[in-house]
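**Student:** Could you look at this predicted model? Sequence included:
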Amino acid sequence: MSNVHIEIGVEGRRPDPPTPAEPVTMCTIEQLEIFIADPVTPLVTKHLAAAYLFCCYEVMRVEQAKSCWIDAIRDDEFIEGYVFLDKNLKRDKMQPRPWWAPLYGITGSKLYFETLMTSLKRVKDTYYIFRAYESPDGSVKYATGLLPISLLQTNRLMKSLQEILRMACGFSVTQSQAYTLHSPRHFLPGVAAARGEPGTCRCEIGRWSQSVAQLPSLHPEVNMIRRQRTRAATLPYLYAKNHATERPLAILTRQMQALRIYYVKCEPGNLPAFGGLKNLTVFAKTKGPHED
């Protein structure tokens, strides 16, 4: 039988690999923090910008922010919480996992977190981060107020966040559309890669397989999840130490220290508009605990 040429475009062909999401840059993070601090920024836009920053610092896909909760503040330095269901190709293996985030952003302010908590105060069940809003035309620009429900519709959530990036960072429509709901998850892993952190440390930041976050001993109990639904926007400031979490917290601390030092050296407003992570190579890792 002679060779048969099959056209590339035939139905059933294996799809092209997905285009990676545009990673959030240091400049974007800075502009969002400044945007929140501006007293003339409206409530709805402040809330969405703060929630977006939260996803960047927590290394969370925006979709996961629809089902997560904030549990504690540790040592006035870290935020601790859980996602209800982590990502896993095998659905039966999806389960709640812990996460950790820096309380203070790259500018040295914790206003992003305080803004987020203030905007979630009157929510009945605080197991989501993005609140829906009222708007006569559906836009963030003309939003009139927040609603006590989650912003669940994925397409609207993505368009809302892209609009926030245009308002806070001056992006064009085309530039903002490069950022997807997965973009915030790339920020701190990108910082760690630029600093030369080994794969095992980057794994801790992303909470991937073999990381501390995957330990069965750290899975929240079902009763804890039920209890969370009754806590209704209260935030216990717990300072209990957990030896197992020292490793991911040490690794997270290194990334944030490098970012804050670089931010000060660049002076406010002078961060590269795009990219910039390569400049963090000067803050290469030094000998210390949990660097293997």
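**Tutor:** Yep, that arrived. Numbers count the residues shown, from 1 in each chain.
**Student:** helices or strands up against the host helix or strand of residue 36?
**Tutor:** Residue 36 belongs to helix 26-37 when elements are defined using DSSP states H and E. Of the remaining helices and strands, those touching helix 26-37 by 3 or more C-beta pairs under 8 Å, 6 or more residues apart in numbering; DSSP states H and E are helix 43-58, helix 111-119, helix 154-169, helix 246-266. Where you see a C-beta, it was placed from the backbone N, CA and C, and this is true even at glycine.
**Student:** ok and the shortest one relative to helix 26-37, angle-wise?
**Tutor:** If you take axes from the mean of the first three to the mean of the last three C-alpha atoms, to 10 degrees, helix 111-119 sits at 50 degrees to helix 26-37.
**Student:** What of the longest one?
**Tutor:** Here helix 246-266 runs at 90 degrees with respect to helix 26-37, directions being taken by the same axes, to 10 degrees.
**Student:** about what we covered before: go ahead and measure how far the helix holding residue 36 is from the middle of the chain.
**Tutor:** In terms of C-alpha atoms, centre = their mean, to the nearest Å, the centre of helix 26-37 is found 14 Å from the chain centre.
**Student:** tell me the mean pLDDT over it?
**Tutor:** Helix 26-37 comes out with an average pLDDT of 95.
**Student:** Need the contact partners of that helix.
**Tutor:** 41, 45-46, 49-50, 52-53, 56, 105-107, 109, 111-112, 115, 164-165, 167-170, 187, 259, 262-263, 268-269, 271-274, 276-277 (C-beta atoms under 8 Å, 6 or more residues apart in numbering).
**Student:** how does it look with 7 Å?
**Tutor:** 41, 46, 49-50, 52-53, 56, 105-107, 109, 111-112, 115, 165, 168-169, 259, 263, 271-273, 276 (C-beta atoms under 7 Å, 6 or more residues apart in numbering).
**Student:** How about stretch 268-279?
**Tutor:** So stretch 268-279 is contacted by 25, 26, 27, 30, 190, 191, 194, 262 (C-beta under 7 Å, 6+ apart).
**Student:** Could you work out the most separated pair of these?
**Tutor:** 30 and 194 (16.5 Å; C-beta to C-beta).
**Student:** Would you agree residue 130 is in contact with residue 49?
**Tutor:** No - using C-beta atoms under 7 Å, residue 130 is not in contact with residue 49, being 11.1 Å away.
**Student:** I am finished for the moment; much appreciated.
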